[in-house]
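# Whatever this is, show me its structure:
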Amino acid sequence: MAIKFAGTLNAINRGLDGAKPAKGAEMIEDWEAALSDLDVTGSKGILRDLASLRKQLERDEPDADRVHALLHRLGVATTKIAERADKSQDKLTSLGEALTEAGEDSPDEEEDKEAAANPKRARKK
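Next up, the predicted model:
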């Protein structure tokens, strides 16, 4: 899972404004697969938000406000889940902080239930 941390942090550090949405969607699919069998409080919410973010990035014109809101919410949730992680606490905390900074708080953000019900990639066996 270290490669996922590095790739995601590198993308955030390079700046998400210049990133290709299709590459972001691909990275999200990898995270969805990695998290699909994780049974930690908060992981289901992260999966729902990842699915919503992936759906936005797969659009011809993603909604920038929604993307920023999802990034922020994912950052906050990732930081919280890091506290309960057996491994990679520091990496998860760094990732959560980077996502929070890359996003923008939007308390009115709604959950995309359709995207959450249809994750693009199933977990790897």
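# So what touches the longest helix along the chain?
Counting residues, the longest helix found in the chain (DSSP state H) is helix 64-82. If you take CB atoms under 8 Å, 6 or more residues apart in numbering as the criterion, helix 64-82 is touched by 16, 40-43, 45-46, 49-50, 52-53, 56-57, 88-89, 92-93, 95-106, 109. For every residue, glycine as well, the C-beta is placed using N, CA and C.
# quick one: pLDDT of Val67?
Per-residue pLDDT puts Val67 at 90.
# coming back round to it: output the longest helix of the chain as CSV, restricted to C-alpha atoms.
The C-alpha coordinates for helix 64-82 follow below in CSV (Å, rounded to 0.1, in the frame of the first residue of the first chain):
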residue,chain,number,x,y,z
ALA,A,64,-14.8,22.0,-9.2
ASP,A,65,-16.7,23.0,-6.1
ARG,A,66,-17.9,19.5,-5.5
VAL,A,67,-14.5,18.0,-6.1
HIS,A,68,-12.9,20.4,-3.6
ALA,A,69,-15.6,19.6,-1.0
LEU,A,70,-15.1,15.9,-1.5
LEU,A,71,-11.3,16.2,-1.2
HIS,A,72,-11.7,18.1,2.1
ARG,A,73,-14.2,15.6,3.5
LEU,A,74,-11.9,12.7,2.5
GLY,A,75,-9.0,14.4,4.2
VAL,A,76,-10.9,14.9,7.4
ALA,A,77,-12.1,11.2,7.3
THR,A,78,-8.7,9.9,6.5
THR,A,79,-7.0,11.8,9.3
LYS,A,80,-9.7,10.3,11.7
ILE,A,81,-9.2,6.8,10.4
ALA,A,82,-5.4,7.1,10.8
